[in-house]
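Undergrad: Kindly generate the corresponding structure for this input.
(4 chains)
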Protein chains: 2
Amino acid sequence: MASERKATADPARSLAILWRTREPTSRSAGPGLSVDRIVRAAIDIADTEGLDALTMRRVGEALGVGTMSVYTYVPGKAELVAVMIDTAYGEMPRPAAEGDWRARLERVARDNLALYQRHPWMLRAETTRPVLGPHLIAKYDRELGTVADIGLADVEMDAVLTLVLGHVKSSARAASEVVDLERETGLTDGQWWQSHAPWLETFLTAGAYPTASRVGTAAGQQHGAAYGPEYAFEFGLQRVLDGISVVVAERATAG
Amino acid sequence: MASERKATADPARSLAILWRTREPTSRSAGPGLSVDRIVRAAIDIADTEGLDALTMRRVGEALGVGTMSVYTYVPGKAELVAVMIDTAYGEMPRPAAEGDWRARLERVARDNLALYQRHPWMLRAETTRPVLGPHLIAKYDRELGTVADIGLADVEMDAVLTLVLGHVKSSARAASEVVDLERETGLTDGQWWQSHAPWLETFLTAGAYPTASRVGTAAGQQHGAAYGPEYAFEFGLQRVLDGISVVVAERATAG
DNA sequence: GGCGGCCGACGTACGGCGTACGTCGGCGTT
DNA sequence: AACGCCGACGTACGCCGTACGTCGGCCGCC
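TA: Just a heads-up that it's a prediction; the model follows:
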């Protein structure tokens, strides 16, 4: 009756891998496989060839090892990706907190954007319950620290961070899609627009959507200049920070 | 040499399907397949069983038709999803513009949130260049209209919309993931936390991340109450609108 | 009324994916 | 020197998207 789906294996196993609770296999000086080597190879593939190219077979191949050998160290692909994500978080800079909260939060946003630019696959892979690896927790703690002493309630601090990181992710995703669609189709954004435009005009009754046409063209030109996503990020970030400062000011005068 | 990847078929075909440039097949009173029937069936599957369950075989099955018959009307799965998306946009309400810009923009946000709640698969499917279907363009025009006369430049209008819709999407995604992870794993968010917590405590040195623990617990309790995502949406939306009103005010005084 | 051709529905088949499972060989231990 | 364990592996299964060739019935024409 109870449809008892397969949870992503038991938590214990996944967490143990994330936190590297495992003595280094002193046995066998052969291929010397390990979780770390596997994760490094996998990140390398995902970085350079995209998430779709990340295959268990491909990982084994990259390590000069049979496909199934990978499964000796990692329960499955989902768990591998989870460790990849946490590992990527581990590479992030740990800047000294300087400046006011706004400067610090802006720094957080830019660091996260840089992370996504370095590892675009994270934008597609993060879709699941957070993995609670050591580096994610450290990151969360560090980033919370930037808004810890400005008079917000705990849930508000979390919400502020969620808002900022959400904006970063949205912007990064938009930027990333432009890039890898160019790679996939071989067309730049401008070329794509030009090839679709005549057809669109065929369907669109002349002057049907004046606002959309005008603004779309304006925004489209920016995209063509590969500048659109960056602008959207900067504009949105300042709006978000402005919005946050309104609450902060409220709390300051009310407290 | 030129790596000429397969673009998603030629634009003409895809756009023709999106805009339904096709006489209704008067031929054959048989199964009476059509793009619309296929799209409706596909949306139905994705709504009720999730995007992973959306298979070409499954679509054919639902229509009492061979798998490959679907390909007579739709070039491939990617195009099918594109039409599904545009169709979903077509169902959105077209509210009369009332209230000030803030009220109108808030309305836009809530309508989009409702759309994502009705069709959670859109959150995972929209990842590609926009499909430029008729309903998307109409929606874009309509939503631009809500911020058309408040003194913003064209690119700013687009950026404002992008910001708001990005926030909606982030929030919707978070909420959706909670829901379908419960479905997949059979565990509520609270149960999941409880099963992981003991292990986490094992790894975490006591008191290592005080801020993260405290805030995480506070935010986690909200999640457990299935209220967290809604709170994050509301909080973030007001912040975003506050931030936008700052620019609007600037433009008003400067102009 | 007969017929030719077209076109929509279809079955088969291929390559690729994640991964369950049984095996085997070399190493550390006794 | 013999043993037993465990890490690496090969094979195989059930999915997926979809290319391609075929076949039968309906429409339009003579």
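Undergrad: Please, which helix or strand holds the residue in the stretch 101-250 of chain A positioned nearest to DNA strand D?
TA: Per CB to the nearest atom of the strand, A:Glu184 is where the stretch 101-250 of chain A lies closest to DNA strand D, at 13.0 Å. The way it works is simple: take the backbone N, C-alpha and C, and place the C-beta from them, glycine included. Using DSSP states H and E, A:Glu184 falls within helix A:154-185.
Undergrad: Establish whether that helix and chain B are in contact.
TA: Yes: remark: helix A:154-185 sits within contact range of chain B at A:154-160, A:162-163, A:166-167, A:169-171, A:173-174, A:177, A:181, A:184-185, by CB under 8 Å from any CB of the partner chain.
Undergrad: residues near the residue of the stretch 101-250 of chain A closest to DNA strand D, how many?
TA: 17 (other CB atoms under 10 Å in any protein chain shown).
Undergrad: Pull the number of nearby residues for the residue in the stretch 1-150 of chain A positioned nearest to chain B.
TA: Nearest residue of the stretch 1-150 of chain A to chain B: A:Asp141, at 3.6 Å (CB to the nearest CB). Neighbourhood size, A:Asp141 [other CB under 10 Å]: 19.
Undergrad: Read off the pLDDT value for it.
TA: A:Asp141 carries a pLDDT value of 93.
Undergrad: distance of it from B:Tyr231?
TA: Using CB to CB, to the nearest Å, A:Asp141 is found at 21 Å from B:Tyr231.
Undergrad: hmm, back to that, for the nearest residue to the residue of the stretch 1-150 of chain A closest to chain B once chain neighbours are set aside, which residues are in contact?
TA: Nearest residue to A:Asp141 in three dimensions, chain neighbours excluded: B:Ala212, at 3.6 Å (CB to CB, 6 or more residues apart in numbering or on different chains). By CB atoms under 8 Å, 6 or more residues apart in numbering or on different chains, the residues touching B:Ala212 are A:137, A:140-141, A:144.
Undergrad: PyMOL command to pick out the buried ones of the residues you listed?
TA: Per 16 or more other CB atoms under 10 Å in any protein chain shown, the buried members of those correspond to this PyMOL selection:
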select buried, chain A and resi 137+140+141+144
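Undergrad: Switch the contacts of B:Ala212 over to JSON lines; also include secondary structure and distance to DNA strand D.
TA: JSON lines is the format used below for the contacts of B:Ala212 (DSSP: H, G, I helix; E, B strand; the rest coil; distance: CB to the nearest atom of the strand, whole Å):
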{"residue": "A:Ile137", "secondary structure": "helix", "distance to DNA strand D": "28"}
{"residue": "A:Tyr140", "secondary structure": "helix", "distance to DNA strand D": "33"}
{"residue": "A:Asp141", "secondary structure": "helix", "distance to DNA strand D": "34"}
{"residue": "A:Leu144", "secondary structure": "helix", "distance to DNA strand D": "39"}
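Undergrad: Low-confidence bits of the stretch 151-255 of chain A, can you list those?
TA: Within the stretch 151-255 of chain A, the stretches with pLDDT under 70 are A:206, A:223-227, A:255.
Undergrad: try it again with 90
TA: Confidence mapping of the stretch 151-255 of chain A against pLDDT under 90 gives the ranges A:177-229, A:251-255.
Undergrad: can you give me the helices in the stretch 51-200 of chain A?
TA: A:56-62, A:77-90, A:101-118, A:122-125, A:134-145, A:154-185, A:189-203 (DSSP state H, counting those that start in this stretch).
Undergrad: got a markdown table for those, with distance to B:Ala96 too?
TA: As requested, the helices of the stretch 51-200 of chain A are exported to a markdown table (distance: least, CB to CB, whole Å):
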| stretch | distance to B:Ala96 |
| --- | --- |
| helix A:56-62 | 54 |
| helix A:77-90 | 45 |
| helix A:101-118 | 37 |
| helix A:122-125 | 37 |
| helix A:134-145 | 42 |
| helix A:154-185 | 29 |
| helix A:189-203 | 26 |
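Undergrad: Figure out which of these is closest to B:Ala103.
TA: helix A:154-185 (20.8 Å; CB to CB).
Undergrad: in the closest one, what's buried?
TA: Going by 16+ other CB under 10 Å, helix A:154-185 has these buried residues: A:154-178, A:180-182, A:184-185.
Undergrad: Check stretch A:38-51 too.
TA: Under the neighbour-count rule (16+ other CB under 10 Å), stretch A:38-51 has A:38-39, A:41-43, A:45-47, A:51 buried.
Undergrad: Next: stretch A:247-255.
TA: Neighbour count says stretch A:247-255 has A:247-248 buried, by 16+ other CB under 10 Å.
Undergrad: List the contacts of it.
TA: A:101, A:150-152, A:156, B:239, B:242.
Undergrad: now do 10 Å
TA: The contact list for stretch A:247-255 (CB atoms under 10 Å, 6 or more residues apart in numbering or on different chains) reads A:100-102, A:147, A:150-153, A:156, A:159-160, A:241, A:245, B:235, B:238-239, B:242.
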